[in-house]
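Asker: Quick one, structure for this:
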Amino acid sequence: MSAQTRKEALALLDRGDSIDVLFSEIALPGDGLAGIRLARHAARGRPGIKVLYAGERELAERLKLLLFDCSAVLEKPYTVDQLRKLAA
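Answerer: Next up, the predicted model:
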């Protein structure tokens with residue numbers, strides 16, 4: 001399942017469906033920390049959820065303290081193989 005907006009993603013998380021991995025940009029349009037806020041919301045309702053972020057290396061380094069232990073960052077540009085490895 002996928003969501004195109006933060007609002008859709010929140011609705012999916014709140015529905016209670018089984019979600020193993022949350023994949024989000026670190027920064028979303030209009031809110032530089034929206035991806036991190038989305039992950040925090042997910043972690044409250046789903047402890048231990050794996051979070052994969054996509055983002056520029058510089059941004060990821062600056063925000064490293066805000067990222068979860070069970071998260072990883074895919075540096076742009078990334079490949080489908082890199083995504084699969086981290087999501088496994």
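
Asker: Check which element follows the worst-scoring helix or strand of the chain on mean pLDDT along the chain.
Answerer: Taking mean pLDDT, DSSP states H and E as the measure, the helices and strands of the chain show their lowest mean at helix 57-62, namely a mean of 75. Past helix 57-62, further along toward the C-terminus, the next helix or strand under DSSP states H and E is strand 71-75.

Asker: Please point out which parts of the longest helix that the chain contains sit buried.
Answerer: If you go by DSSP state H, the chain has its longest helix at helix 34-45. Counting neighbours by 16 or more other C-beta atoms under 10 Å, one finds that the buried residues in helix 34-45 are 34-36, 38-39, 41-43. Backbone N, C-alpha and C define where each C-beta goes, glycine included.

Asker: for the most centrally placed residue in the chain, what are its contacts?
Answerer: Computing the C-alpha centroid of the chain and ranking residues by C-alpha atoms, centre = their mean puts S24 first, at 3.5 Å. For S24, the contact set (C-beta atoms under 8 Å, 6 or more residues apart in numbering) comprises 9, 35, 38-39, 51-54.

Asker: What residues are bridge-paired with it?
Answerer: For S24, the beta-bridge assignment (DSSP bridges) gives partners Y53.

Asker: Could you measure from it over to A42?
Answerer: Noted for S24: a distance of 9 Å to A42, by C-beta to C-beta, to the nearest Å.

Asker: now do V51
Answerer: When C-beta to C-beta is applied, the distance between V51 and A42 equals 7 Å.

Asker: quick one: common contacting residues for these two?
Answerer: With contacts taken as C-beta under 8 Å, 6+ apart, V51 and A42 have L22 as neighbours in common.

Asker: Leaving out chain neighbours, which residue sits closest to L74?
Answerer: Spatially, and ignoring its direct neighbours in sequence, L74 is nearest to A54 (5.0 Å; C-beta to C-beta, 6 or more residues apart in numbering).

Asker: Surely that neighbour touches A60?
Answerer: No: between A54 and A60 there is no contact, the gap being 9.4 Å when judged by C-beta atoms under 8 Å.

Asker: which residues do those two both contact?
Answerer: Overlap between the contact sets of A54 and A60, as judged by C-beta under 8 Å, 6+ apart, is given by 26, 73.
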